[in-house]
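Need a 3D model of the sequence below.
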Amino acid sequence: MRTSSISAAATAVALGVSALMAAAPAQAASTHGASWTRSCAVDLTPGHVFCNALHVTSTAEHVRATGVTPNATPSGYGPSDLRSAYNIAANGGAGQTVAIVDAYNDPNAASDLAVYRSQYGLPACTTASGCLKIVSQTGSSTLPSSNSGWAGEISLDLDMVSAIAPNAHIILVEAKTASMTNLGTAVNEAAKLGATEISNSYGGSESSADTSYDSTYFNHPGIVITASSGDGGYGVEYPAASPNVTAVGGTSLSKASNTRGWSESVWSTSSTEGAGSGCSAYEPKPSWQKDTGCSKRTVADVSAVADPATGVAVYQTYGASGWSVYGGTSVAAPLIAGVYADAGTHSASVPAKNLYANTTSLNDVTTGKTASCSPAYLCTAETGYDGPTGLGTPNGLTAFTG
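Alright, predicted model coming up:
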């Protein structure tokens, strides 16, 4: 029987911080012959965050090692792969508006998105047509300074929403810096502009200020807010720890000769890199979350592909030279936002609640771990709920329908 454990929360936070400190911005990770770097510099200053995108730097090795075959020229999983893996129909998202919140500006965001969507036969989504809107954190057309690291995150986010919900409108809201106050202001602006889903692919160290951020920036009843759980393995990041968001963990996704055609396990490259999970040190436990190993909020709620060694195709020309492969829980957060968009209107005040009422409509991930911890389910996959993958991965839309 799992028992409440405050020490689990403290251990999770400590391990998460040490993991992040060990990961320098330009450090390359490697597994199965593939290597990658963090797209954004790690910043552990309280109130600061960093993006959770991992840019694969050895694409040819990646394809040879993983067997990931492209739909056309690009390497990495494309829209049809992702929709197949998660039992998602084509042409979803009509009537929904997905907002992507990131820091700084990607000057090539619109043109790069056009290439991605054209490559995979997705309908055009342009600023001219009104499908795509790009604004600052205050809603103005005066955008922040450009940043090549965050541009990779922006390209990844735009492409993942497009892959899963190609008929949704998209709002890219760019914060002027990677501070929680500026990104939180951008979240509020996204809600003000009519977003039905808001994706956040960034995180930072937990702090005692987080509960005030919850009410100031993430209190938008009925709007889906997704947040990546982090790439540092066992340990908790904010805003994924907020009880107002859907915390999205990460898996390794591979094609398989089973009925589903795919298999998944916990994403873990090393003891300092993998899907974030654990007990929050500050956030209260929502009433709909019933696991007993954390007296406070547990991360994650749900998950999707995040392993760079089984990564996704992205088109990026600011900070990269075109087709790239990306991983990290920054893949999973916008992907899940897209699934919510496909599902349509959200009736629950906090849409994550619906997941816990529909667990049989998810793919339960039962293999893999990121670390050794107690209780074990906080870092090890188990039947039913576990920390790194939450309740599982999408299997159609039922669990995401309000």
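
Which parts of the stretch 101-250 of the chain are helices?
Assigned by DSSP state H, counting those that start in this stretch, the stretch 101-250 of the chain shows helices spanning 109-119, 148-164, 180-192, 210-217.

among the ones you listed, which is nearest residue 102?
helix 148-164 (5.0 Å; CB to CB). (C-beta placed from N, C-alpha, C; glycine too.)

Could you list every helix and strand in contact with the closest one?
strand 50-51, helix 79-85, strand 97-103, helix 109-119, strand 169-175, strand 312-316, strand 322-327, helix 329-343 (3 or more CB pairs under 8 Å, 6 or more residues apart in numbering; DSSP states H and E).

Need the helices of the stretch 101-250 of the chain in a markdown table (columns: mean neighbour count and distance to residue 306).
Formatted as a markdown table, the helices of the stretch 101-250 of the chain follow (neighbours: other CB atoms under 10 Å; distance: least, CB to CB, whole Å):
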| stretch | mean neighbour count | distance to residue 306 |
| --- | --- | --- |
| helix 109-119 | 20 | 19 |
| helix 148-164 | 28 | 11 |
| helix 180-192 | 22 | 20 |
| helix 210-217 | 18 | 23 |
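
Residue 358 and residue 199: what is the separation?
Between residue 358 and residue 199 the computed distance is 21 Å (CB to CB, to the nearest Å).

Comparing these two, which shows the higher neighbour count?
Higher neighbour count among residue 358 and residue 199: residue 199, with 33 against 14, using other CB atoms under 10 Å.

Can you check which of the helices and strands packed on helix 148-164 gets nearest to residue 215?
Nearest to residue 215, of all the helices and strands packed on helix 148-164, is strand 97-103, at 17.5 Å by CB to CB.

correct me, but residue 49 touches residue 202?
Yes: between residue 49 and residue 202 there is a contact at 4.6 Å, judged by CB atoms under 8 Å.

now the helices of the stretch 101-250 of the chain as JSON lines including mean pLDDT and distance to residue 101?
Converted to JSON lines, these look like this (pLDDT from 0 to 100; distance: least, CB to CB, whole Å):
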{"stretch": "helix 109-119", "mean pLDDT": "98", "distance to residue 101": "13"}
{"stretch": "helix 148-164", "mean pLDDT": "98", "distance to residue 101": "9"}
{"stretch": "helix 180-192", "mean pLDDT": "98", "distance to residue 101": "5"}
{"stretch": "helix 210-217", "mean pLDDT": "98", "distance to residue 101": "10"}
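
overlap in contacts of residue 49 and residue 202?
Both residue 49 and residue 202 are contacted by 103, 178, 183, under the criterion CB atoms under 8 Å, 6 or more residues apart in numbering.
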